[in-house]
Every structure is written in structure tokens, then in C-alpha cells.
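Enquirer: next comes the sequence, and after it the predicted model I'd like to discuss.
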Amino acid sequence: MNKINPDVDIVNDILKAVLEVQPASVFVNSLYNQYCERGGLSKKQLEGLHSKASKIATINPGKLATLEAIIKKKPTRYKSTMPEIATAVKEKDTATGKIIDAILANYPQHKRVLFLKTKYADDALTAIDITEIQKFKKLLLK
């Protein structure tokens with residue numbers, strides 16, 4: 001894409017015009033420094049510059065219209081919404097609970113089974129814990 005006249009820089013002209021009227025504006029100074037360093041501004045920054053520049057009567061309305069066109073040409077970035085976390089209700093494995101209760105009925109002081117029972121109550125049993133309960137069933141319940 002070839003520019004018709006690359007010497008014309010509307011954004012720079014508007015920044016300089018706003019700086020002449022409002023030299024103490026921190027926002028415009030920041031935009032000007034960023035434009036000089038990086039060579040461009042984001043859509044939101046350009047919208048902020050347009051709102052500042054539209055309040056100044058000395059700026060040519062044609063330049064403001066060109067700035068509006070530049071703003072409309074830039075893509076609008078939307079933040080995506082957070083994905084919904086699957087809150088599938090886990091059904092407790094009642095068979096595992098019955099095995100734990102049966103082991104504790106015969107051996108009420110078994111520390112590891114007591115620990116696994118508290119984990120079972122909190123719904124945090126892993127596959128390894130379940131296999132361990134099955135192993136205890138084979139060893140302790142005959």
C-alpha cells in the first residue's frame with residue numbers, strides 16, 4: 001500500500017497542536033513520547049487524543065475527520081470472557097465408602113483407613129487411594 005504523500009502525518013500534527021495549547025498535559029505528553037518512540041498509538045489512545053483535540057477550536061476539522069477515519073480503520077480488540085468451568089457434580093462412590101466402613105468396623109484404630117475416610121468425606125480420593133482401599137479389603141476382610 002503506497003501512501004499518496006508520506007510527508008503528511010496527521011497524528012503527529014494533531015499531537016503537536018494539542019501540545020501547543022496544553023503544554024502541561026501529562027496525557028498528551030505521554031502520547032507524543034510514545035508516538036515518537038514507537039511510531040504509532042493504539043485505538044484507545046487515538047480515541048483519547050481525538051476527545052482532547054475535538055475540544056480545541058484551532059485544530060482543522062479535516063484533520064479531526066482524518067483522525068476519526070484512522071481510529072475506525074484500527075481493529076477493535078475484545079477481551080474474551082472466561083470459559084465456564086465444568087461443574088459436573090461428582091457422585092460419591094458408595095461402594096468405596098462401604099468398604100471403608102467395613103474395614104473400620106473390624107479395625108477401628110487403623111490409621112491409614114481413618115485418613116482415607118477423611119479424604120473420602122472431602123471428596124478427594126484419587127485412583128491410587130481407591131486401589132489402596134481395595135488392597136486393604138483383600139488383606140483385612142476375608
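Expert: Yep, that arrived.

Enquirer: could you export the helix or strand encompassing Gln45 as CSV, CA atoms only?
Expert: In the assignment (DSSP states H and E), Gln45 maps to helix 43-53. What follows is helix 43-53, C-alpha atoms only, in CSV (Å, rounded to 0.1, in the frame of the first residue of the first chain):
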residue,chain,number,x,y,z
LYS,A,43,-7.0,2.7,19.1
LYS,A,44,-7.9,3.7,22.7
GLN,A,45,-5.0,6.2,22.8
LEU,A,46,-6.1,7.7,19.5
GLU,A,47,-9.7,7.9,20.8
GLY,A,48,-8.4,9.8,23.9
LEU,A,49,-6.4,12.1,21.6
HIS,A,50,-9.4,12.8,19.5
SER,A,51,-11.5,13.7,22.5
LYS,A,52,-8.8,16.1,23.7
ALA,A,53,-8.3,17.6,20.2
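
Enquirer: what packs against it?
Expert: On a contact count with 3 or more CB pairs under 8 Å, 6 or more residues apart in numbering; DSSP states H and E, helix 43-53 meets helix 10-21, helix 26-38, helix 61-73. For glycine as for every other residue, the C-beta is placed from the backbone atoms N, C-alpha and C.

Enquirer: which one of those is the most hemmed in?
Expert: Of all the helices and strands packed on helix 43-53, helix 10-21 has the most neighbours on average by mean count of other CB atoms under 10 Å, namely a mean of 17.

Enquirer: flag every buried residue along the helix holding Gln45.
Expert: Using 16 or more other CB atoms under 10 Å as the test for burial, helix 43-53 gives 45-46, 49, 52-53.
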